Structures are given as C-alpha cells and as structure tokens.
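[1] Dropping a prediction and its sequence here:
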Amino acid sequence: MSSVIAGTRFSVLDRSRTREGHDGPKALRDTVRLAQEVERLGYHRFWVSEHHGVSGVAGSAPTVLAAAVAAATRTIRVGTGGVMLPNHRPLVVAEQFGVLESLFPGRIDMGLGRSVGFTDGVRRALGRDKGDADDFAGQLAELLGWFRGTSPTGVHARPAEGLSVPPFVLAMGEGALIAAHAGLPMVIGDFRNRERMLRGIERYRGEFRPSEWAPEPYVVVSGTVAVAGTAEDARRILIPEAWSMAYARTHGTFPPLPAAERVEPMAMSAKERGYYEAGLVGHLAGTEEQVADELAGLLKETGAQEVLVTTSTYDRAALVDSYRRLARVAGLGAA
C-alpha cells in the first residue's frame, strides 16, 4: 500500500438517495444500516446531508438523522455534510449540535454549507431567498459564538455553550476563503474538476488563519469512489447516479435511482446522453489496484488529510462491497 494512502483518514457521506420501488423511509433506514456497516469496516466518520423538496433524496433533517445514526453506532464519528446554514437560525443550529454532543460526547462533527433552498418554491417554504447565502461568513461567526458564549444578546445557547463540536466548512466557490479566514477544516469536491479543486485548496492554505478549532489547515477531499472486482462492475455502480443527474439536468426533477440494467438499454436524447456519459467519467472507479493508484495520485496532488466518499447507487449490496474493497485499499482495521 502507498504510504500516502496509509496516512489518510477515510470517511463516508451518505445522501439517503431513494431507489426505484422503495420509499423515503426505507432510504433513511438504509442510511442507518450503512453507517453500521462502514463503522465495522473502520471508517473514521459518517455524515448525512440536507436536501429539501427533492424527490430522489430522503435526507431533509440532517441533525435528526445524525442522532439516529449515532444511536445505532458506537465508535464512528457522526455529523453532517452538511447543515445548510443559510436555511436556519445559527442559534437553533448551535442548540441542535449541543444536544447531539451532549448525548454522544466526543463523536459529533458539524459540517456546514452555504447553499440555500434549491428552487424558488423551496426557498419560499423555508422563508429564505438566494441573498441569504451572501452572509455565510457572518452566520458562521454567529454560530461559533454561541458555542463560545460570546453572543452580545445576553442569550445563552443551551446546552451548546462551552461544548466543543468540530466545525467543517463545505467549500463551494467562496467557501474556501471563508473556511481559511475562520480557521476551520475545509471539505472540497469533486474529483471530476481536479483543477478547480487544486485552486481551492491552494487558496485555502494560503489564506489560512490558525484558530482554536484548527491550528493548521485541514483538507478533506470529497467525491465518488467505486471499487469492484472488475472495471466494468465498478462502472455499473456509477450508472444509476449518472442517469439521475442527466435526467435532472434535462427535466428539472431529480428522480430516484434506477437499476443499472434498466438504464443501459434506454433511448436517450443527444443532450441526455451527453450529460449521462459525462457523469460516468472523472470519478475514482475500477478494481482495487486501479483505485489504489488513482487515490495515491490524488492525495499526492492535493496533500489532503482525509477522503470523504460520497458514492450513491441502486444496488445496495454492490455499494457495501465497494466500501469493503475501498477499506482494504485504505488499510482500515476491519477490512
């Protein structure tokens, strides 16, 4: 095994994607079961995401789901990838993570993003608009202040005040600079746009200001990894998500994941086919040997301390097997 891989943490973000023929509650239960499985394999963290009004994603309440995951596991760190801070009041977010940390001490991460509701209708339902994402740095400072007990309002965030819940910034666009100036660990993706990723990491390291949360830059690179017995089987893991993304871009609706065998014979428009084929490339996919080589190259390029894997597919058994094979590549304890 490459020494650069051996010194790297590996973690999982699951988006609670729904699958054709299965409902949202099953997707959420599958997320909890996946957390138990990757804990046994030795992964470092398990994170859940926040999406509102998306037909193909069941995870709409990440702190609630994180509580269920933490209760069903024993040792793996649990968090969010992330809570979209512009959708919420910072006080409420602090209270929620304070409760999580109080119930599961030393195991909770607070991953934070700056996206606001995906559509106009969702934003109206949330009582937000696109401009709410513009003050992410201010919202982030207010949130961290609730943990420090430095709010000027005279209000105290209970039970968050005085607790230490590691914050991470999901760096999209200006997020890298915000993470650097706040002195926080940064999560950046995806693998398909390596040049943009490297620019963001360089900017983050160059602008980083040490803080109580992180004395030095900490980079988590995030993206899809698919590992199977053959390169073709690994490609099949990618097919359901690639088709769903292509469908979303051409129809405006993000559908549940279909089985790969249903997608392969489909007739697609030229536009759909273009998005679909683009969605199959640029990921880390292949046999264990192939992925090990690609991972080593990625980690040498980025100098990242951690890899956050975000793979989604229809075949749950193939997904679990992929994580098992990746654990062997990474040299994780139970692999």
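    Perfect, thanks for sending it.
[2] what sits against R205?
    For R205, the contact set (C-beta atoms under 8 Å, 6 or more residues apart in numbering) comprises 180, 217, 219. Every residue, glycine included, has its C-beta placed from N, CA and C.
[3] Okay, and which of those residues map to strands?
    In this view, these that belong to strands under DSSP state E are V219.
[4] would CSV of the contacts of R205 with pLDDT be doable?
    Putting the contacts of R205 into CSV (pLDDT from 0 to 100) gives the following:
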residue, pLDDT
A180, 97
P217, 98
V219, 97
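[5] The worst-scoring helix or strand of the chain on mean pLDDT: what's the following helix or strand?
    Lowest by mean pLDDT, DSSP states H and E among the helices and strands of the chain is helix 120-126, with a mean of 67. Downstream of helix 120-126, the next assigned helix or strand under DSSP states H and E is helix 136-148.
[6] what bridges to the nearest residue to L326 once chain neighbours are set aside?
    The shortest distance from L326 to any non-neighbouring residue, by C-beta to C-beta, 6 or more residues apart in numbering, is to V227 (4.9 Å). Legend: beta-bridge partners of V227 under DSSP bridges are G286.
[7] For V227, list the residues it contacts.
    234, 285-288, 291, 322, 325-326, 329.
[8] mind running it again at 6 Å?
    288, 291, 322, 325-326 (C-beta atoms under 6 Å, 6 or more residues apart in numbering).
[9] Mind telling me the two of the residues you listed farthest from one another?
    For those, the farthest-apart pair by C-beta to C-beta is E288 and S322; their separation is 10.2 Å.
[10] Neighbour count: those two, which is higher?
    S322 (24 against 15; other C-beta atoms under 10 Å).
[11] pretty sure that one belongs to a helix, no?
    Yes: according to DSSP: H, G, I helix; E, B strand; the rest coil, S322 belongs to a helix.
[12] My read is that it contacts A226, right?
    Yes: counting by C-beta atoms under 6 Å, A226 is a contact partner of S322 at 5.4 Å.
[13] Find the residues that touch each one of those two.
    By C-beta under 6 Å, 6+ apart, the residues touching both S322 and A226 are I237.
[14] list the helices and strands the longest helix along the chain packs on?
    Longest helix in the chain, counting residues (DSSP state H): helix 231-251. Here helix 231-251 touches strand 225-227, helix 260-263, helix 270-279, strand 284-286, going by 3 or more C-beta pairs under 6 Å, 6 or more residues apart in numbering; DSSP states H and E.
[15] coming back round to it: I'd like the contacts of R205 written out as a markdown table, with neighbour count added.
    A markdown table is the format used below for the contacts of R205 (neighbours: other C-beta atoms under 10 Å):
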| residue | neighbour count |
| --- | --- |
| A180 | 21 |
| P217 | 21 |
| V219 | 21 |
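[16] sorry, back to before: and of the helices and strands packed on helix 231-251, who's closest to M197?
    strand 284-286 (12.8 Å).
[17] chain center to the closest one, what's the gap?
    18 Å (C-alpha atoms, centre = their mean, to the nearest Å).
[18] quick one: average pLDDT of that strand?
    What strand 284-286 shows for mean pLDDT is 97.
[19] what's the next secondary structure element after it?
    Scanning forward in sequence from strand 284-286 by DSSP H and E, the next helix or strand is helix 288-302.
[20] what separates the helix or strand just after that next one from the chain centre, distance-wise?
    Following helix 288-302 in sequence order, the next helix or strand is strand 306-309 (DSSP H and E). Between the centre of strand 306-309 and the centre of its chain there are 9 Å (C-alpha atoms, centre = their mean).
[21] Can you add distance to T253 and give the helices and strands packed on helix 231-251 back as CSV?
    Below are the helices and strands packed on helix 231-251 laid out as CSV (distance: least, C-beta to C-beta, whole Å):
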stretch, distance to T253
strand 225-227, 25
helix 260-263, 16
helix 270-279, 13
strand 284-286, 26
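[22] Pick the most deeply packed of those.
    strand 225-227 (a mean of 28; mean count of other C-beta atoms under 10 Å).
[23] tell me the strands in the stretch 51-200 of the chain, going along the chain?
    Secondary structure of the stretch 51-200 of the chain by DSSP state E, counting those that start in this stretch: the strands cover 77-80, 83-84, 110-113, 167-170, 186-189.
[24] Which neighbouring elements make contact with the third one?
    I take that to be strand 110-113. Short answer (3+ C-beta pairs under 6 Å, 6+ apart): strand 110-113 packs on strand 167-170.
[25] try the first one
    Helices and strands in packing contact with strand 77-80 are listed as strand 45-48, helix 62-72; criterion 3+ C-beta pairs under 6 Å, 6+ apart.
[26] Touching that strand from outside, list them.
    Defining contact as C-beta under 6 Å, 6+ apart, one finds that strand 77-80 is touched by 45-47, 62, 66, 69-70, 107, 109, 111.
[27] and with 7 Å instead?
    44-48, 50, 62-63, 66, 69-70, 104, 107-111 (C-beta atoms under 7 Å, 6 or more residues apart in numbering).
[28] Then stretch 303-311?
    8-13, 81, 187, 218-226, 237, 319, 322, 326.
[29] And the buried ones among these, selectable in PyMOL?
    Here is the PyMOL command that selects the buried residues among those (16 or more other C-beta atoms under 10 Å):
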select buried, resi 8+9+10+11+12+13+81+187+218+219+220+221+222+223+224+225+226+237+319+322+326
